[in-house]
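A.B. asks: dropping a prediction and its sequence here:
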Amino acid sequence: MTEIKELGSLCPVDDKGYIINQSDPKKVHNKFREVIQLINQSCLSYLPKETHSIYLRGSVARGLDIEGVSDVDVIIVTYSNPQDIDLDWVEETEQFIDQKFHFINGVELGFYPLSEVEESKYCSMIPFILKAYGICVYGKNLISKLPDYKPDSSLANEHLIHLSALIDKAKHELMGNNDMEDIKDCCSWIMRIMVRAGFALVIVQERSYTRDLFPAYKLFSKHYPEKESEMRTALWYAINPLSSSEEVLKLLNQFGSWIKAETEIWLNIYNPRRELHLQL
């Protein structure tokens, strides 16, 4: 069981208020070189004509990885829509790499089309992740061409516009589900979303951003002290997911319903037309 530790930080901003990318190839520990090389080789072997570029993000890219705890998060930009590409090899490749290297805790390969990544007029999560957290490990580096981002309502909207649907999806997947590993995966996934969404509710006031769960929980609790206990439970479930759906559904039906309602209030103020992406 993992304890809640005061780990993580807010993204630094420059004198104009734009988020600064703290990731750097020089910060990546040498032991990850072989991991990255194997990921690159796998992508180029299966998708030689589709792979535009490959990016590393997360704690590994910032040199903040914890042995046996941190996973390897990778974004692969493809020329075509990934929905039109054969990706049946991905899950097996993720598992193979994870088992080969004892110091990592999972591999996540995410595929996104070049057309989505090149979005520069509206705030969109994947271009933002690359700009604020990514480093290029193969191909033509798009990061310098992406717009700068501020911690504002357009960024908060990315966490909130789909929240209600995601909570409903999680509830649907959990009801009647007896697969313990499936329940744990769903629990961790939706609780991370809820913790970050809670922070998104106060991004405008705080003028800051983080994807790290603990500071997200702390700043949410600063503005919603009466909900601190429930958000702490969500944080706990995110890092210690339950294998029984009953308690997860209980939190989703109670705290989840509250955060959905609070999100609707936020959207009524900042995105009354319910645009999927807001202009930068």
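C.D. replies: Great, that's in hand.
A.B. asks: does the residue most central in space within the chain sit in a helix, a strand or a coil?
C.D. replies: Centroid-nearest residue in the chain: R211, 6.9 Å away (criterion: C-alpha atoms, centre = their mean). Assigned with DSSP: H, G, I helix; E, B strand; the rest coil, R211 falls in the coil class.
A.B. asks: pLDDT below threshold where in the protein?
C.D. replies: Counting by pLDDT under 70, the chain shows low-confidence ranges at 1-2.
A.B. asks: can you give the domain ranges for it?
C.D. replies: 25-145, 153-270 (automatic domain parsing).
A.B. asks: and the first one, how far out from the chain's middle?
C.D. replies: In this case it means domain 25-145. In terms of C-alpha atoms, centre = their mean, to the nearest Å, the centre of domain 25-145 is found 13 Å from the chain centre.
A.B. asks: straight-line length of it, end to end?
C.D. replies: Using C-alpha to C-alpha, to the nearest Å, the end-to-end distance of domain 25-145 comes to 18 Å.
A.B. asks: the stretch 101-250 of the chain: helices as residue ranges?
C.D. replies: 114-117, 125-133, 153-160, 163-174, 180-200, 203-206, 213-223, 228-239, 245-270 (DSSP state H, counting those that start in this stretch).
A.B. asks: which strands and helices sit next to the last one?
C.D. replies: What that stands for is helix 245-270. Judged by 3 or more C-beta pairs under 8 Å, 6 or more residues apart in numbering; DSSP states H and E, the packing partners of helix 245-270 are helix 153-160, helix 163-174, helix 180-200, helix 228-239. (Each C-beta comes from the backbone N, C-alpha and C, glycine too.)
A.B. asks: can I get the ones you listed in CSV with mean neighbour count and distance to I54?
C.D. replies: Compiled in CSV, these are given as follows (neighbours: other C-beta atoms under 10 Å; distance: least, C-beta to C-beta, whole Å):
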stretch, mean neighbour count, distance to I54
helix 153-160, 22, 23
helix 163-174, 17, 27
helix 180-200, 21, 23
helix 228-239, 19, 27
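A.B. asks: among these, which comes closest to N268?
C.D. replies: helix 153-160 (11.4 Å; C-beta to C-beta).
A.B. asks: next, the angle from that closest one to helix 180-200.
C.D. replies: 160 degrees (axes from the mean of the first three to the mean of the last three C-alpha atoms, to 10 degrees).
A.B. asks: number the residues from 16 up from this point.
C.D. replies: Okay, using 16 as the starting number, the last item reads as helix 168-175.
A.B. asks: sorry, back to before: ok, the residue nearest to the centre of the chain to A276 distance?
C.D. replies: Distance, R226 to A276, using C-beta to C-beta, to the nearest Å: 24 Å.
A.B. asks: now swap in I35 and tell me
C.D. replies: Look at I35 and A276: by C-beta to C-beta, they are 34 Å apart.
A.B. asks: and R289, by the same measure?
C.D. replies: R289 sits 15 Å away from A276, going by C-beta to C-beta.
A.B. asks: next one: D80
C.D. replies: Using C-beta to C-beta, D80 is found at 37 Å from A276.
A.B. asks: now swap in E261 and tell me
C.D. replies: E261 is 23 Å from A276, by C-beta to C-beta.
A.B. asks: returning to what we had before: of the domains of the chain, which is nearest E21?
C.D. replies: In terms of C-beta to C-beta, the element of the domains of the chain nearest to E21 is domain 168-285, at 5.7 Å.
A.B. asks: gap between the two ends of the closest one?
C.D. replies: With C-alpha to C-alpha, one end of domain 168-285 sits 7 Å from the other.
A.B. asks: how far away from the center of its chain is that domain?
C.D. replies: 13 Å.
A.B. asks: related to what we said a few turns ago, quick one: which of D80 and A276 has more around it?
C.D. replies: In terms of neighbours (other C-beta atoms under 10 Å), D80 is the more surrounded of D80 and A276; the figures are 22 against 11.
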